[in-house]
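Engineer: turn this into a model:
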Amino acid sequence: MKSKSGEDKQRFVKIGRTHGFSLIELLAVIAVIAVLAGIILGVLGKTKNAAQTVQCVSNLRQIGMAVKSFIVDNNNTMVPATDKTIADSWTVWHTFLRPYIPLQYTEEGKLVRSLYCPVIDHSLSPSSYYTGYTFNEGFDFQKMGGQFDDTRCPITWDDEQITGNSSFFGGRPSAGPGGGSWYKFAFRHDGDCHVLMLDGHVESIEKIGNGKADNYPQYNWDAE
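Structural biologist: Residues are numbered from 1 along each chain as shown. Have a look, this model is predicted:
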């Protein structure tokens with residue numbers, strides 16, 4: 001007959017014994033965690049892309065409202081992409097819009113990054129003037145008296161960012177209608193490029209062919 005103390009000791013040993021994970025169970029747990037992490041990262045990535053898309057469209061709409069205000073205040077004349085007649089160096093399009101979006105500029109007159117396309121890599125920009133958008137010079141100084149379909153006239157768009165190239169002035173994307181240009185559409189929003197039209201709405205276009213402007217004949221790229 002075992003002593004009471006021996007029974008207590010055996011009971012203690014049985015109660016205190018633990019069951020560890022087997023290698024298979026551990027691998028299964030790791031696999032589940034990896035799947036969940038992948039799902040979470042995918043959702044976060046989509047959320048980030050969606051937020052950047054919303055911000056970019058909002059930026060272009062602000063630019064559109066500023067353009068319309070400029071036209072009204074300047075005898076129905078379109079904002080020029082660039083102008084060298086009022087300064088020793090080129091004056092770029094968003095400088096003309098400064099009075100209409102004053103909170104988007106620093107005291108030195110430089111456009112703040114809240115109005116830049118949120119996807120661009122600022123480390124690749126050789127100039128603080130590069131915003132990720134390029135202006136259509138096809139309507140420079142034109143009188144906008146209703147002769148154009150405002151819903152079909154591109155004003156500015158997501159421009160391709162090239163290392164060392166300050167493509168922030170104006171032109172037509174990749175030798176489009178009206179003449180040649182090194183400016184290119186940037187399809188950086190889930191394969192779409194955002195284009196601001198003269199009436200203020202923003203369209204998302206997918207890449208067609210080589211992505212040049214003449215692949216989009218539904219738009220009026222030039223005042224001629």
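Engineer: for the chain, give me the ranges with low pLDDT.
Structural biologist: Residue ranges of the chain with pLDDT under 70: 1-21, 38, 40-46, 86-90, 103-114, 122-129, 162-169, 174-182, 224.
Engineer: swap the cut-off to 80 and go again
Structural biologist: 1-32, 34-48, 84-91, 102-115, 121-130, 161-183, 224 (pLDDT under 80).
Engineer: which parts of it are strands?
Structural biologist: Secondary structure of the chain (DSSP state E): strands at 82-83, 91-92, 133-136, 154-158, 170-171, 192-197, 202-206.
Engineer: can you give the strand pairings for the third one, parallel or anti for each?
Structural biologist: Applying DSSP bridges, strand 133-136 is found paired with strand 154-158 (antiparallel), strand 170-171 (parallel).
Engineer: return it as CSV; C-alpha atoms alone will do.
Structural biologist: Taking Å, rounded to 0.1, in the frame of the first residue of the first chain, the C-alpha atoms of strand 133-136 are listed here in CSV:
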residue,chain,number,x,y,z
TYR,A,133,1.3,66.0,-64.1
THR,A,134,2.0,67.6,-67.5
PHE,A,135,-0.1,70.4,-69.1
ASN,A,136,-1.5,70.3,-72.6
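Engineer: hmm, back to that, now, of the strands paired with strand 133-136, which is deepest in the fold?
Structural biologist: strand 154-158 (a mean of 25; mean count of other CB atoms under 10 Å). In this view, the C-beta of every residue, glycine as well, is placed from N, C-alpha and C.
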